[in-house]
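1. Build me a structure from this.
(chains A and B)
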Protein chains: 2
Amino acid sequence: MTNASGKMSNRIDQLEQAMDQYLATLQAPSKLKEAMRYSLDAGGKRIRPLLTLAFKEYFTGEVVTTDIDVAACIEMIHTYSLIHDDLPEMDNDDLRRGKPTNHKVFGQAMAVLAGDGLLTTAFERLTTISLAPAVIVELTHKLALAAGAQGMVGGQVGDILGEQKQLTLAELQMVHEGKTGALLQYACEAGAILAAQPPTVKEIVAHFGLNFGLAFQIYDDIQDVVSTTAKMGKKVHKDQAHNKNTYPGLLGLAGAQEHLTKMVAICRSDLLQLEQIMGQEPSTLNEFLEYFKR
Amino acid sequence: MTNASGKMSNRIDQLEQAMDQYLATLQAPSKLKEAMRYSLDAGGKRIRPLLTLAFKEYFTGEVVTTDIDVAACIEMIHTYSLIHDDLPEMDNDDLRRGKPTNHKVFGQAMAVLAGDGLLTTAFERLTTISLAPAVIVELTHKLALAAGAQGMVGGQVGDILGEQKQLTLAELQMVHEGKTGALLQYACEAGAILAAQPPTVKEIVAHFGLNFGLAFQIYDDIQDVVSTTAKMGKKVHKDQAHNKNTYPGLLGLAGAQEHLTKMVAICRSDLLQLEQIMGQEPSTLNEFLEYFKR
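-> You can find the predicted model right below:
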């Protein structure tokens, strides 16, 4: 294990501990907590919280407990969205991260409620973290924006409505800005907020996050075409089966790959801008872009 | 129309305007906004936000725009919970407030998302209201607590799990403290928070709200037995059909009525305590208790 990957896996442990510990304190029916924990513990790359921590560290040179707690809230929001997106009435997915989806294990009603529980718990937790009230308000407001009708919920609606028609590239991008971009943008921005960066810096970081999100979605679309279920831990070729609008569907595989390269270049240019402002290379952040080369 | 009821209906207009106006500003798919608006506009008694405003007015003698905005967020949370509770996988209700339920009109996927949209929009709105950051943090944290796994979500889980067994009175009360009590408690407490009352006063107000919520639930259970669909605007006798644990089911109709009287007496005693502290009769708040006499 390299130093960098050892650090990452250590951070993932800290995040998972933070989520588990907070869940354990909830005075709630044990079945509900079990369903919430099931999806939180199902693994995944934890890219969103890792980005928060990477940006925070880049700006301040350290990661402290309150940063981990904020990052854990972001992962709870992400997990809620996966549970609801997998529901039979939505994408009807049986498999997620190589395990049966929440509703397959706990039933549909409990899956809706486990999602609702994670969504509200994220806000509950975020508003008890020991930070200045104005910082909490900024973090909470932007999280609600990213998660809500103008972000993830709106994107999911666009995705579902889009199944009935052919979207243009601009429309597809708008759907994915909501569905995937909004929370990745927030995750990055949260790192800059925790590091008390000025608006100009926050803007560059947010721009990076949004385009990272789009790259992430294009990469996922491409994997859905070229990968196998065993490798992905979820069903593949399901976009076509669901009549989903995708980048490969719209641009062809080579066109989608080209578009991905373009998004990654935008991300690199944002990091270069940061380097010029901060006078320090964001090497860990550059490493995140390696993800798209696999 | 009496002065008091004229004032109430004026406040309901203000609330509905506040919700509609905020919804109109959202950059979200129009179908989603339509589904969110459908349930927000479906009427209802608006008891939660009216309680917030009544407490605020009792303590300060006035209701200002920011109070209306906070109250509107509470109604958004209440409305989200109705949409999710009515889903086929939950209580499977076709009728609510005399109109087809959200999923009957917009489909099940959109109903889940309209609920998610209202839940997140409440937090998004609450964190932009022009109040001191520390007040926003307190309001947001307690709202998340009331809505979440330790409140409404937990209560709904208890309600669903309870369908498979006979609950004791203590267990039934715990379910309803979450399902109905938590948000009514919050609605009352929010009025005291907006009026910057000390912790002792907030506690009495919260105690009133919780017991008002229990009274509300018992009253609803009784109506489900004795009323008609036309009068209630939703299906009656459905508790028995769903094998729900209810107060009349557990205590008989007379026993439930007696329990309701007890809860209302607790509420009256809380209001009397307030009167002694504040040196002023909470006459509007006393009027809310008339609801249980109808």
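2. which residues touch the closest residue to A:A132 other than its chain neighbours?
-> Spatially, and ignoring its direct neighbours in sequence, A:A132 is nearest to B:P133 (7.7 Å; CB to CB, 6 or more residues apart in numbering or on different chains). (C-beta placed from N, C-alpha, C; glycine too.) B:P133 makes contact with A:A132, A:P133, A:A134, A:I136, A:V137 under the criterion CB atoms under 8 Å, 6 or more residues apart in numbering or on different chains.
3. Okay, and which of these map to helices?
-> Among the contacts of B:P133, the members found in helices (DSSP state H) are A:P133, A:A134, A:I136, A:V137.
4. Buried ones among those?
-> Neighbour counting by 16 or more other CB atoms under 10 Å in any protein chain shown classes A:I136, A:V137 among the ones in helices among the contacts of B:P133 as buried.
5. how about JSON lines for the ones in helices among the contacts of B:P133, with distance to B:S39 added?
-> As requested, these are arranged in JSON lines below (distance: CB to CB, whole Å):
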{"residue": "A:P133", "distance to B:S39": "32"}
{"residue": "A:A134", "distance to B:S39": "33"}
{"residue": "A:I136", "distance to B:S39": "30"}
{"residue": "A:V137", "distance to B:S39": "28"}
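6. and which of the ones in helices among the contacts of B:P133 is nearest A:G279?
-> A:G279 lies nearest to A:A134 out of the ones in helices among the contacts of B:P133, by CB to CB, at 27.8 Å.
7. List the contacts of that closest one.
-> B:P133.
8. Kindly recompute the last result at 10 Å.
-> Counting by CB atoms under 10 Å, 6 or more residues apart in numbering or on different chains, A:A134 touches B:A132, B:P133, B:A134, B:I136, B:V137.
9. and the stretch 151-294 of chain A, which of its residues are near chain B?
-> Within the stretch 151-294 of chain A, the positions adjacent to chain B are A:151-162, A:174-175, A:178 by CB under 10 Å from any CB of the partner chain.
10. For those, point out the one with the lowest pLDDT.
-> Looking at those by pLDDT, the weakest one is A:G162, with 88.
11. I'd like the distance between the nearest residue to that one once chain neighbours are set aside and A:D221.
-> Of all residues not flanking A:G162 in the chain, A:N245 sits nearest, at 4.8 Å (CB to CB, 6+ apart). When distance is defined by CB to CB, to the nearest Å, A:N245 is 9 Å away from A:D221.
12. For those two, list the residues in contact with both.
-> Residues touching both A:N245 and A:D221 by CB under 10 Å, 6+ apart: A:L172, A:H176, A:D239.
13. hmm, back to that, nearest to A:T60, of the contacts of A:A134?
-> When the contacts of A:A134 are compared for distance to A:T60 (CB to CB), B:P133 wins out at 21.9 Å.
14. The closest one and A:F123: what is the separation?
-> To A:F123, B:P133 is 15 Å away according to CB to CB.
15. just A:G155 next, same as before
-> To A:F123, A:G155 is 19 Å away according to CB to CB.
16. Look at those two and report which has more neighbours.
-> When neighbours are counted by other CB atoms under 10 Å in any protein chain shown, A:G155 and A:F123 differ, and A:F123 comes out ahead with 28 against 25.
17. Can you report how many residues lie near the closest residue to the more buried one other than its chain neighbours?
-> Nearest residue to A:F123, sequence neighbours excluded (CB to CB, 6+ apart): B:A144, at 4.0 Å. For B:A144, the neighbour count with other CB under 10 Å is 29.
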